[in-house]
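> Show me how the following folds:
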Amino acid sequence: METISTTYRTTEEYENNCKKINELQSQINNLDAAIATESARCEKANLEKTAGIRYAKRIQSAAFPQKEIGNVFDDYFVFTKPHSIVTGDFCKAAETKNYKIIALADCSGHGVPGAFLTMLGLSALKESLAKHYYDSNISLAAILDEMRAFVKSSLRSTDYNIDTINDGMNLTLCAFNNEESGIRFASANQNVYLFSNGQLTAYCGDRMPIGWSFKGDGQFTETLIPAHKGDLLYLTTDSLQSQFGGPGNVKFSTKRLTAMFEQIAPLPTEEQKNTVADIVDHWVEGHVQVDDLMVVGVRV
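As a prediction, this is how the structure comes out:
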């Protein structure tokens, strides 16, 4: 009897264990199905989001076509390495009745927020350039003042609101005129570099942005940079100098930036672009890119 009872308990336990295993397997199958459904939903949502951003990139590229610069300047290059699909940097070339204009902007943030600000910056720039289209003595400083007022009004960032402090952009404007012996330069928080007679010289802009500033609304200033035909003017955002990388994971720095310009200046502009791309790609490789990167070169 003991043997039969033991066998019965063993059989009963076995059947109970099998039942529990089947129940657990059923739960696992249900969880797998739920995970697969959620994964498919997330993938679809991600594809829709990415498709929207890629379409936004098409709109942004149409607003800032690089080939447009070739309609204004004969010899130039534009190197860009966006942080995301869309970018918070933009380069814009334009002509007024008496001047050729080139602008380089670094909007706060990157990705979608930065891309929205590029469109705002473009609107501000176009409106101000249209206002000064016929000026025979254009004031780039006045254009920056007007752009700042436009941006602050659009973002409603005229009050000391902590949420609006970083809204805006850093921007450089340069104007060329065959009647003048130099380059007009005005800038919000950016520098330009001129390579002339074998030497590189940096010119500093005003230390306030197109947007809200702790320094208030002081007027922007303008400089006439001495330049000769064949000289090279370099514009860049400050993101490259701040990019960590290289063997020691340190900042690229202004020192490396100027050394790069001195290295590439003797080359044709297309080779200059390729060299900049190689230098930047090797520097960033294996490290996190912190922001959009852009470098522009224009031969006077």
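
> Where do the helices of the chain begin and end?
Along the chain, the stretches classed as helices by DSSP state H are 2-63, 111-131, 140-155, 239-242, 253-264, 269-284.

> what pLDDT does the residue nearest to Ser139 when sequence neighbours are not counted get?
Distance criterion Cβ to Cβ, 6 or more residues apart in numbering; nearest residue to Ser139, sequence neighbours excluded, is Glu222 at 6.6 Å. Heads up, the C-betas are built off the backbone N, CA and C, glycines and all. Here the pLDDT value assigned to Glu222 is 96.

> Contacts only, for Glu222.
Shown in contact with Glu222 (Cβ atoms under 8 Å, 6 or more residues apart in numbering): 139-141, 184-186.

> Return the members of these classed as buried.
By the neighbour-count criterion of 16 or more other Cβ atoms under 10 Å, the contacts of Glu222 include these buried positions: 139-141, 184-186.

> so what pLDDT did the nearest residue to Gly168 once chain neighbours are set aside get?
Sequence neighbours aside, Gly211 is the residue nearest to Gly168 in space, at 1.8 Å (criterion: Cβ to Cβ, 6+ apart). Per-residue confidence (pLDDT) for Gly211: 86.

> One more: Gly88?
81.

> so it sits right up against Leu117, yeah?
Yes. Under the criterion of Cβ atoms under 8 Å, Gly88 is in contact with Leu117, at a separation of 6.3 Å.

> residue ranges with poor pLDDT in this structure?
Regions of the chain meeting the criterion pLDDT under 70 cover residues 1-9, 39-56, 59-64, 109-111, 157-166, 215-216.

> Now for the nearest residue to His132 once chain neighbours are set aside, how many residues are close by?
Closest residue in space to His132, ignoring its immediate chain neighbours: Ile138 at 5.4 Å, by Cβ to Cβ, 6+ apart. The burial metric for Ile138, expressed as a neighbour count using other Cβ atoms under 10 Å, is 22.
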